[in-house]
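Chemist: Sequence and computational prediction follow.
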Amino acid sequence: MNIQDLFRHRILLSTILLLLLFIPSFIIYQQWQSLQGTRQVLAKEEKNVEAAQARLEEMFLLRENLDRLKEHEAQLSRLMPATPEEGELIRFIEGQSNRANAHLVEIRFESPQSRSGYMEIPLRLVVEGSYQELLRLLHWLQAGERALRVEEVNLSRGRQASGSLRMEIQAISFYRTSEKG
């Protein structure tokens, strides 16, 4: 073996050694890059999961709010029905009068007046009773299951024999009109 062959063997061996070192290093580098990319994707997906969880929580809150809003809408529908329901209104007023131990003498409805999205039904009530009974009646009329706005109240003496008071109430009840849009 001469020097040239020895030199060639050394170069070949050095090349093989370099390749044996370089190839695993290259593979490790490629795996490292892949790992970094996977970590970035994972971090992005974790952020997406967090955002989805936040949206889900928001949807649950909206669902709870929806249930409360439906309850509120039902309550408002009772306060301001979709039709005049004068019979129900009379029963409501009679019930509140009886509850207050006042004597309902007269209910008179006037012509409904149109407003934006609702109708007003003016009405006149005449009621007799003691001062406390009439006060309770006014309170229960305004805090009752049907929206009723008291516009005017006039007090006068009732029947002489009973010693009661006579109260004339000008009030307005309401009902919704269907809005098409």
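Modeler: Received the coordinates, thanks.
Chemist: Show me the domain layout of the chain.
Modeler: The record's domain parsing of the chain by the TED database lists 1-79, 86-176.
Chemist: Deepest-packed of the ones you listed, please.
Modeler: Comparing these by mean neighbour count (mean count of other C-beta atoms under 10 Å), domain 86-176 ranks first with a mean of 15. The C-beta positions use only the backbone N, C-alpha and C, and glycine is treated the same way.
Chemist: What's the end-to-end length of that one?
Modeler: End-to-end span of domain 86-176 (C-alpha to C-alpha, to the nearest Å): 13 Å.
Chemist: same deal with stretch 123-134?
Modeler: 17 Å.
Chemist: likewise stretch 157-176?
Modeler: 37 Å.
Chemist: quick revisit: turn the domains of the chain into TSV, including mean pLDDT.
Modeler: Shown next, in TSV, are those (pLDDT from 0 to 100):
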stretch	mean pLDDT
domain 1-79	88
domain 86-176	91
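Chemist: max-length helix in this protein?
Modeler: helix 3-79 (DSSP state H).
Chemist: chain center to the helix or strand following that helix: distance?
Modeler: Once helix 3-79 ends, the next helix or strand along the chain (criterion: DSSP states H and E) is helix 86-99. On the basis of C-alpha atoms, centre = their mean, to the nearest Å, helix 86-99 sits 31 Å off its chain's mean C-alpha point.
Chemist: i'd like the first residue to be 501 from this point on
Modeler: With the count now opening at 501, the last piece we talked about shows up as helix 586-599.
Chemist: Show me what helix 586-599 is packed up against.
Modeler: Where contact means 3 or more C-beta pairs under 8 Å, 6 or more residues apart in numbering; DSSP states H and E, helix 586-599 is packed against strand 603-609, strand 618-629, helix 631-642.
Chemist: For S656, find the nearest of the ones you listed.
Modeler: strand 618-629 (10.0 Å; C-beta to C-beta).
Chemist: Relative to E550, how far out is L556?
Modeler: 11 Å (C-beta to C-beta, to the nearest Å).
Chemist: Hmm, I typed the wrong one, I wanted P524.
Modeler: 38 Å.
Chemist: do E594 as well
Modeler: 59 Å.
Chemist: Could you do R649 as well?
Modeler: Applying C-beta to C-beta, the value for R649 to E550 is 50 Å.
Chemist: Over to L641?
Modeler: 53 Å.
Chemist: what is V653 paired to in the beta sheet?
Modeler: As for beta bridges, V653 partners with I669 under DSSP bridges.
Chemist: Contact partners for it?
Modeler: By C-beta atoms under 8 Å, 6 or more residues apart in numbering, the contact list for V653 reads L638, M667, E668, I669, Q670.
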